[in-house]
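Asker: Here you go, sequence then predicted model.
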Amino acid sequence: MLLSESLFGNTFPPFEPGFSSWETHEPLFNFHPVPLQAQEPVSSNSGSDTPNPPPVTPKTNRKRSKCEGSGSDEPNRSDLKNLSSGSDDSSLFGCIIDERKRRRMMSNRESARRSRVRKQNHLENLRNQLNRLKIANRDLATRLRLVAHQNQLVHGENEYLRSESAMLRQRLWDIRQVLLVRQLQQHLNLSA
């Protein structure tokens, strides 16, 4: 027996008499597929009036110790090395994929939440602007009514002053006529 066989064990069984190594019907690699676990459906709600539902947590209790890594979406190198060196290959790979899906889902939820908050803030700003514009419009309408009323008063006063001016002109003309008649009489009296 070799030294390497004593440390790691002999991974190749000895040939039985009468069978060559090419006649074996066993698969070279024995993969055990991981059964898919039922997950709860993910619901999306885009309404801005409803509060955010609590995040969905899977009910299955899986081993997270192999999945938990550096916090990035990419598997670290030790995970990639482990993919080729054990019977947990597919479960570790599935765990990495599940972790990516979970992070993507959380990122999408956070993005949707931020979008709802932005939309709500935008609507609130529009409501505030609408209220300010309504108040400004009301003030302008009040000022317009005041100016229109003052315009009517000035127009009425102008009409009164025009009529008074015409009356005073007429009186002045009448007074001139009287003065002319008196001057003419005095001139006739002096000449007679």
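Answerer: Perfect, thanks for sending it.
Asker: Where in this structure is the helix or strand with the lowest mean pLDDT?
Answerer: Every helix and strand in the chain was compared by mean pLDDT, DSSP states H and E; the lowest is helix 77-83, with a mean of 48.
Asker: Just the mean pLDDT for the very next helix or strand once past that one, thanks.
Answerer: Next helix or strand after helix 77-83 toward the C-terminus (DSSP states H and E): helix 89-191. For helix 89-191, mean pLDDT rounds to 94.
Asker: Can you spell out which helices and strands pack onto helix 89-191?
Answerer: Applying 3 or more C-beta pairs under 8 Å, 6 or more residues apart in numbering; DSSP states H and E, one finds that helix 89-191 contacts helix 77-83. Heads up, the C-betas are built off the backbone N, CA and C, glycines and all.
Asker: State the distance from L184 to D174.
Answerer: Computed with C-beta to C-beta, to the nearest Å, the distance linking L184 and D174 is 16 Å.
Asker: sorry, that was for L140
Answerer: Using C-beta to C-beta, L140 is found at 51 Å from D174.
Asker: What of S191?
Answerer: With C-beta to C-beta as the criterion, S191 and D174 are 26 Å apart.
Asker: neighbour count winner among those two?
Answerer: With neighbours defined as other C-beta atoms under 10 Å, S191 and D174 compare such that D174 has more, 10 against 6.
Asker: From Q185, how far off is the more buried one?
Answerer: Distance from D174 to Q185, by C-beta to C-beta: 17 Å.
Asker: Give me the buried positions along stretch 111-126.
Answerer: R116 (16 or more other C-beta atoms under 10 Å).
Asker: right, I mislabeled it, should have said stretch 101-111
Answerer: Under the neighbour-count criterion of 16+ other C-beta under 10 Å, stretch 101-111 has R109 buried.
Asker: cool, stretch 168-187 as well?
Answerer: Applying 16+ other C-beta under 10 Å to stretch 168-187 flags no residue as buried.
Asker: can you list contacts of it?
Answerer: Here stretch 168-187 makes contact (C-beta atoms under 8 Å, 6 or more residues apart in numbering) with no residue beyond itself.
Asker: Dump it to PDB, keeping only the CA atoms.
Answerer: The C-alpha trace of stretch 168-187 is given here as PDB (Å, rounded to 0.1, in the frame of the first residue of the first chain):
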ATOM      1  CA  LEU A 168     -69.300 125.800 -16.300                       C
ATOM      2  CA  ARG A 169     -68.300 126.400 -19.900                       C
ATOM      3  CA  GLN A 170     -71.900 127.300 -20.700                       C
ATOM      4  CA  ARG A 171     -72.100 129.600 -17.700                       C
ATOM      5  CA  LEU A 172     -68.900 131.300 -18.700                       C
ATOM      6  CA  TRP A 173     -70.300 131.800 -22.300                       C
ATOM      7  CA  ASP A 174     -73.500 133.200 -20.800                       C
ATOM      8  CA  ILE A 175     -71.500 135.700 -18.600                       C
ATOM      9  CA  ARG A 176     -69.500 136.900 -21.600                       C
ATOM     10  CA  GLN A 177     -72.600 137.500 -23.600                       C
ATOM     11  CA  VAL A 178     -74.000 139.600 -20.700                       C
ATOM     12  CA  LEU A 179     -70.800 141.600 -20.500                       C
ATOM     13  CA  LEU A 180     -70.800 142.200 -24.200                       C
ATOM     14  CA  VAL A 181     -74.400 143.400 -24.100                       C
ATOM     15  CA  ARG A 182     -73.500 145.800 -21.200                       C
ATOM     16  CA  GLN A 183     -70.400 147.100 -23.000                       C
ATOM     17  CA  LEU A 184     -72.500 147.700 -26.100                       C
ATOM     18  CA  GLN A 185     -75.100 149.600 -24.100                       C
ATOM     19  CA  GLN A 186     -72.500 151.700 -22.400                       C
ATOM     20  CA  HIS A 187     -70.900 152.500 -25.800                       C
END
